[in-house]
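Asks: sequence unknown, structure follows:
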């Protein structure tokens, strides 16, 4: 990960305050059934792993399919975590060969909250035949004196040939930005000039590239009281064909840096 995007929090703010700022999500229960938890737990134990967090949700467009997203941890290697997303037929067993799996890197500055996985089944219709679903990860940040926090990354997935693959990876949806007064260095409350928070909204566009619709982005930026707000808008285009490729986010991230996070003095 780019060092300038290292996730940290201002010392002058408690984690509780950050959570209250980002509490716009009022989520319904996404608990998994006892049978799913038991089956997954049994499989993970074979390799010395265990469930750190898990969420389940039935697809709204096809109630015969269920989405499962989890983070597992290792009892053998304390620093090893896996991020796993799968789609299974309701009532069927777990087929790990069809799941998406990647390593999740946590350190002293970033850790995963309990009950922090959220399966997002908004209508991410990529074309008439393909609908994606999202998974958001909630993170807990240690305190630091760096000025920017980015969090709750969203990834979009599709089920293709019965296997889950990502089409968009780890787009931050929540931001926290603090500016110090000119010439000040440190974390004292009196040194802060202004504090802003940002929340990203996604929607599908009518235009398309490589047979997948473009994604519209709107980053709403407000002061911590929500009184003064503005927005940055942009979009993502799919790069690849229907069997491989992803939405590219580098240009969007540069736009945010230049026009907000790194563009102010």
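Replies: Right, received. Where do you want to start? In this text, all values refer to a predicted model and were calculated from it rather than measured experimentally. Residues are numbered from 1 along each chain as shown.
Asks: What distance do you get for residue 164 to residue 101?
Replies: Separation of residue 164 from residue 101 (C-beta to C-beta, to the nearest Å): 9 Å. The way it works is simple: take the backbone N, C-alpha and C, and place the C-beta from them, glycine included.
Asks: Out of those two, name the residue with the larger neighbour count.
Replies: In terms of neighbours (other C-beta atoms under 10 Å), residue 164 is the more surrounded of residue 164 and residue 101; the figures are 21 against 14.
Asks: Doesn't the more buried one lie inside a strand?
Replies: Yes. With DSSP: H, G, I helix; E, B strand; the rest coil as the criterion, residue 164 is assigned to a strand.
Asks: Return the set of residues that bridge with it.
Replies: residue 159 (DSSP bridges).
Asks: Likewise for residue 172?
Replies: Residues in a beta bridge with residue 172, per DSSP bridges, are residue 153.
Asks: hmm, back to that, what residues are shared contacts of residue 164 and residue 101?
Replies: residue 85 (C-beta atoms under 8 Å, 6 or more residues apart in numbering).
Asks: low-scoring stretches of the stretch 1-150 of the chain, by residue?
Replies: For the stretch 1-150 of the chain, applying pLDDT under 70 flags the ranges 1-28, 107-111, 113-115, 139-147.
Asks: measure the residue most central in space within the chain to residue 176 for me?
Replies: By C-alpha atoms, centre = their mean, the chain has its centre lying nearest to residue 153, at 1.9 Å. Here residue 153 is placed at a distance of 14 Å from residue 176 (C-beta to C-beta).
Asks: And residue 251, by the same measure?
Replies: Separation of residue 251 from residue 176 (C-beta to C-beta): 23 Å.
Asks: These two: who's more crowded?
Replies: Between residue 251 and residue 176, residue 176 has the larger neighbour count (other C-beta under 10 Å), namely 24 against 11.
Asks: For the residue lying closest to residue 177 once chain neighbours are set aside, list each beta-bridge partner.
Replies: Distance criterion C-beta to C-beta, 6 or more residues apart in numbering; nearest residue to residue 177, sequence neighbours excluded, is residue 196 at 4.9 Å. Here residue 196 sits in beta bridges with residue 177, residue 223, as judged by DSSP bridges.
Asks: mind listing the strands in the stretch 51-200 of the chain by residue range?
Replies: For the stretch 51-200 of the chain, the strands defined by DSSP state E, counting those that start in this stretch occupy 62-74, 81-89, 100-104, 110-125, 131-141, 143-144, 148-160, 163-180, 192-209.
Asks: just checking, what packs against the third one?
Replies: Counting contacts by 3 or more C-beta pairs under 8 Å, 6 or more residues apart in numbering; DSSP states H and E, the secondary-structure elements packed against strand 100-104 are strand 81-89, strand 163-180.
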